[in-house]
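Engineer: could you work out the structure for the sequence below:
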Amino acid sequence: MSEITRRDALQRIALTIAATGIVDRLSAQEVHHYASQSASSAGFHAPTAFNDHEYRTLERLTDLIIPVENGAPGALAAGAAAWIDMLAGVNDQLRKIYVDGFQWLDDAARQREAADFLSLSPAQQTEMLDAIAYRRNETPALEPGIRFFTWVRRMTVDAFYTSEIGIRDIDYRGNTALSAYPVPVEAIAFALKKSGLGRRTGG
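Structural biologist: Numbering: from 1, shown residues only. So this is what the prediction gives:
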């Protein structure tokens, strides 16, 4: 696939997400494929939308949203940050959402006498995200952070559960003939918890 064709495909997917906040599984997996293709010879993704500090902040956010748990890899290993970066790299609206969000986090961290969000301790980072994770906490000061975190949480979950790691995590067997399919109740509950979709009444 040519670079132009790949960019056109990414732009189509990014436009859908920016307009609706929704991406279908096949399109999401397509982005993972492109991110893998674009990885350097050393195996690392070179950011297309964000500078080094912004990309490291994004990696940290995805890691906090879906961390390694019980030995199972999380969003960092699944390449969620690269997935988001690929889409933000072809859509100015998505890129602005994230760049403004990173700036908000760094400004909020400075109010805690830290240089930026990455300079906070893990406990302080978690405390800050807890404050912006729910709409019920909304104040004029927190509203931009809440709006940003809604985006990054949703896209991290989309990226994770459409990656090879995430598909294994929920025991997806769509390409295998089965006489019965045991619903992965615990995995689905975990996904809903991480996405915030299971908190419609309190969030």
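
Engineer: please make it C-alpha for all contacts and neighbour counts, starting now.
Structural biologist: Will do.

Engineer: quick one: low-confidence parts of this protein?
Structural biologist: Scanning the chain for pLDDT under 70 picks out the ranges 1, 40-42, 171-203.

Engineer: what do you get if the cut-off is 80, keeping everything else the same?
Structural biologist: Applying pLDDT under 80 to the chain flags the ranges 1-4, 38-43, 170-203.

Engineer: any idea which residue sits dead centre in it?
Structural biologist: Most central in the chain under C-alpha atoms, centre = their mean is Thr156, positioned 2.0 Å from the mean C-alpha point.

Engineer: now do the SS call for it.
Structural biologist: With DSSP: H, G, I helix; E, B strand; the rest coil as the basis, Thr156 sits in helix.

Engineer: just to check, it is in contact with Ala82?
Structural biologist: No. Using C-alpha atoms under 8 Å, Thr156 is not in contact with Ala82; the gap is 10.2 Å.

Engineer: residues in contact with the residue nearest to the centre of the chain?
Structural biologist: For Thr156, the contacting residues are Thr62, Ile65, Ile66, Ala75, Ala80, Ala81, Ile84, by C-alpha atoms under 8 Å, 6 or more residues apart in numbering.

Engineer: how about 7 Å then?
Structural biologist: Neighbour list for Thr156: Thr62, Ala80 [criterion: C-alpha atoms under 7 Å, 6 or more residues apart in numbering].

Engineer: now swap in Gly89 and tell me
Structural biologist: Going by C-alpha under 7 Å, 6+ apart, Gly89 touches Thr48, Ala49, Arg95.

Engineer: restricted to buried residues, select the residues you listed in PyMOL.
Structural biologist: Here is the PyMOL command that selects the buried residues among the contacts of Gly89 (16 or more other C-alpha atoms under 10 Å):
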select buried, resi 49+95
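
Engineer: now, which of the contacts of Gly89 sits nearest Arg12?
Structural biologist: Checking the contacts of Gly89 against Arg12 with C-alpha to C-alpha, the nearest one is Arg95 at 15.0 Å.

Engineer: can you report how many residues lie near the spatially closest residue to that closest one that is not a sequence neighbour?
Structural biologist: Distance criterion C-alpha to C-alpha, 6 or more residues apart in numbering; nearest residue to Arg95, sequence neighbours excluded, is Ala88 at 4.5 Å. If you count neighbours by other C-alpha atoms under 10 Å, Ala88 ends up with 26.
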